[in-house]
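Participant: need coordinates for the below:
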Amino acid sequence: MNQTYEIPIWRKYTLSIEEAAAYFRIGEHKLRRIINENKNADYLLWNGNRVQIKRAKFEYYVDGLEAI
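Facilitator: Presented below is the predicted three-dimensional model:
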């Protein structure tokens, strides 16, 4: 039996750049710039050259900013 599970975006541990852009209402271009400037940040998870954004840790990072 092949089942597909759809996890709501607010429950996902990691987000793609596209998902993070929608969730945080930040443009994909700006997210890519943030990632390129912080490649070793603890809110990033690298799978080869593909990046996933750890939702809760990125929320904490964004909470500490006054502007983005």
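Participant: tell me the centre residue of this protein?
Facilitator: The residue lying closest to the centre of the chain (CA atoms, centre = their mean) is Ile53, at 2.8 Å.
Participant: partners of that one in the sheet?
Facilitator: Per DSSP bridges, the residues bridged to Ile53 are Leu15, Leu44.
Participant: from here on, count from 24
Facilitator: All right, first residue 24 from here; so that's Ile76.
Participant: quick one, grab the pLDDT at it.
Facilitator: The model reports Ile76 with a pLDDT of 98.
Participant: that one and Ile40 touch, don't they?
Facilitator: Yes: using CB atoms under 8 Å, Ile76 is in contact with Ile40, at 7.1 Å. Just so you know, the C-beta spots here come from the backbone N, C-alpha and C atoms, and that holds for glycine as well.
Participant: hey, what's in contact with both of these two?
Facilitator: By CB atoms under 8 Å, 6 or more residues apart in numbering, Ile76 and Ile40 have these common neighbours: 54, 58.
Participant: how about the strands in this protein?
Facilitator: 37-38, 67-70, 73-77 (DSSP state E).
Participant: contacts for the last one next, please.
Facilitator: Looking back up the chat, that one is strand 73-77. Contacts of strand 73-77 with the rest of the structure, by CB under 8 Å, 6+ apart, involve 36-40, 43, 54, 58, 65-69.
Participant: just the buried members of these?
Facilitator: 37-38, 40, 43, 54, 58, 66-67 (16 or more other CB atoms under 10 Å).
Participant: which among those gets closest to Tyr84?
Facilitator: Tyr66 (5.4 Å; CB to CB).
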